[in-house]
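# Provided below are the primary sequence and the corresponding predicted coordinates.
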Amino acid sequence: MALSSQCLVALLGRAVKVTLKCGVFQGVLQHVNPDRSLLLRTVKNLETGRSSPGIKMFFGPEIVNVELLDDPDSGKGTTELSEYVEEFPSFHKKKEEENVEYTVIDSFQEKFGPAVLHLKQQCVVSIAGEGVNLCRYGKLSWLEIASKSRIFLFDIFLLGPQAFKNGLQMLLEDKNILKVMHDCRWISDCLFHQYGVLLSNVFDTQVADALQFSMVTGGFLPHRVCTLQECLMHHLKIPSKWDAIMKCRQQMASENPDIWFLRPFPPSLLKALALKAMHLLLLHSSLMETLMSDLTAVVHDYLNTYRSGSGDHLCSTKPTCMELPKELRQLLDIQKLRKERAMKNYRMNKDGLLIRPTPMEFKKRNDPREDGNYRDDLDHSPTNKAMSHLTSYHNRDVLCQEKLKKSKSRGRSVEEP
């Protein structure tokens, strides 16, 4: 049975016979490009009987005819995946409510080169990967890379290792470009052992979140790390509709991992991938501002150390004096207050680590001062605009200093360094 190009899209995952000007091949239809070229996997040359592993491309001008083979089992996987996506009508409804622009890169013509060129000109990009069992033994399907102005979704399943040889490897190994990732351990292992890519200059938001936790609790470490979803909720307070899209994506992937290899890929899931890459950049900005808050607060005091005073004592003060200033000594007092407060607001496990709440426990608690994931939310509230950064944490440290001064005025002893 001869098939039109319109019918081919509906037969993805089915076994077909492709007649070319120079031969006849059989395989499972994997993708139909706009230029009418086809991608087949498990290809067999019907004239020689030889089979070829992986994916093979058949160019449109060379194709004479395409026939559907009578193989009822071949389309089973795709049918199941398609039906699985349809089981989430609310997810598709969210798709209409949100709008995020992204570019899918599934071929080397037209889009691939300009995308890589744009990314190489950036100072900071976010990177995320999707697939099954992302490590040296797994399979990478999508690589999401975003700059401040563009989001690119690289279809590694279709592009193959050539995508890294054609520019992605140079980008990922560039020491002048900061790559924002969340839990880079798995994808780093996958990229190195499968594609020979050695990631460098990475800002890991999971590590930064743990470091920030330690900073605001006076040196304690949490008993566990946070997922990306938890970090986004705690640091960005992302809108509920974005949260629903990303949660639905996570649920679909966990219940049926093979969905990452469905082609054409559902637009609703493409949007979820784009949102993930976009939010990683926002999370980086938020965490950087938090981690730099102590420095910002002390520098602010440094600026006013002499200029706000009378200046009478400046003549006897030598600029070369290397004694530790009181503005820096106050860091110990602030750390002590944070530690005391953390011990009141957290439970501690047998290893001396502070116990973070589960995501469900965190949501049930309305008072940020009472939730176990105490992130100094006392004096910190995010802006309502999704693309804006979180406000400064300087007020939090001012509050700590005011508490310290009150305790001193009441005659309480404070340990001096």
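Alright, I've got the coordinates. Numbers count the residues shown, from 1 in each chain.

# over to Val18. Which of the three states is it?
Val18 falls in the strand class when you classify it by DSSP: H, G, I helix; E, B strand; the rest coil.

# and the closest residue in space to Ala146 that isn't next to it in sequence, how far from Thr48?
What sits nearest to Ala146 in space, not counting adjacent residues and going by C-beta to C-beta, 6 or more residues apart in numbering, is Ala277, at 3.7 Å. For every residue, glycine as well, the C-beta is placed using N, CA and C. Here the criterion is C-beta to C-beta, to the nearest Å. By it, Ala277 lies 44 Å from Thr48.

# quick one, which of those two is more surrounded?
Ala277 (24 against 8; other C-beta atoms under 10 Å).

# Met278 against Ala146, yeah?
Yes: the pair formed by Met278 and Ala146 meets the contact definition of C-beta atoms under 8 Å, at 5.6 Å.

# which neighbours do those two have in common?
Ser126 (C-beta atoms under 8 Å, 6 or more residues apart in numbering).

# these two: who's more crowded?
Set side by side, Met278 and Ala146 show more neighbours around Ala146, with 27 against 21, by other C-beta under 10 Å.

# for the more buried one, which residues count as its bridge partners?
Ser126, Ile151 (DSSP bridges).

# tell me who's in contact with it.
Under the criterion of C-beta under 8 Å, 6+ apart, the contact list for Ala146 reads 125-126, 152, 274, 277-278, 280-281.

# before we move on, what about Leu134?
Shown in contact with Leu134 (C-beta under 8 Å, 6+ apart): 140, 186-187, 190.

# measure the residue nearest to it when sequence neighbours are not counted to Gln206 for me?
Among residues not flanking Leu134 along the chain, Trp186 sits closest, at 4.5 Å (C-beta to C-beta, 6+ apart). Relative to Gln206, Trp186 is positioned 11 Å away (C-beta to C-beta).

# how about Tyr302?
Taken as C-beta to C-beta, the span from Tyr302 to Gln206 is 32 Å.

# more crowded one of those two?
Gln206 (18 against 12).

# coming back round to it: just the ones of the contacts of Leu134 in helices?
186-187, 190 (DSSP state H).

# for Val100, state which of those residues is nearest.
In terms of C-beta to C-beta, no member of these lies closer to Val100 than Ile187, at 22.0 Å.

# I'd like to know how many residues surround the closest residue to the closest one other than its chain neighbours.
Of all residues not flanking Ile187 in the chain, Gly129 sits nearest, at 4.4 Å (C-beta to C-beta, 6+ apart). Residues near Gly129, counting by other C-beta under 10 Å, number 23.

# tell me who's in contact with Gly129.
Counting by C-beta under 8 Å, 6+ apart, the residues that Gly129 touches are 140, 142-144, 187, 190.

# mind redoing it with 10 Å?
For Gly129, the contact set (C-beta atoms under 10 Å, 6 or more residues apart in numbering) comprises 138, 140-145, 154, 156, 181, 184, 186-188, 190-191, 260, 273.

# which element is it on?
Assigned by DSSP states H and E, Gly129 belongs to strand 124-132.

# just the CA atoms of that strand, as PDB, please.
The C-alpha trace of strand 124-132 is given here as PDB (Å, rounded to 0.1, in the frame of the first residue of the first chain):
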ATOM      1  CA  VAL A 124      26.000  31.900  31.400                       C
ATOM      2  CA  VAL A 125      23.700  29.200  30.100                       C
ATOM      3  CA  SER A 126      21.500  26.600  31.800                       C
ATOM      4  CA  ILE A 127      21.700  22.900  30.800                       C
ATOM      5  CA  ALA A 128      19.400  20.000  31.500                       C
ATOM      6  CA  GLY A 129      19.000  16.600  30.100                       C
ATOM      7  CA  GLU A 130      16.200  14.100  29.700                       C
ATOM      8  CA  GLY A 131      16.200  10.400  29.000                       C
ATOM      9  CA  VAL A 132      16.200   7.000  30.600                       C
END
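
# thank you, goodbye.
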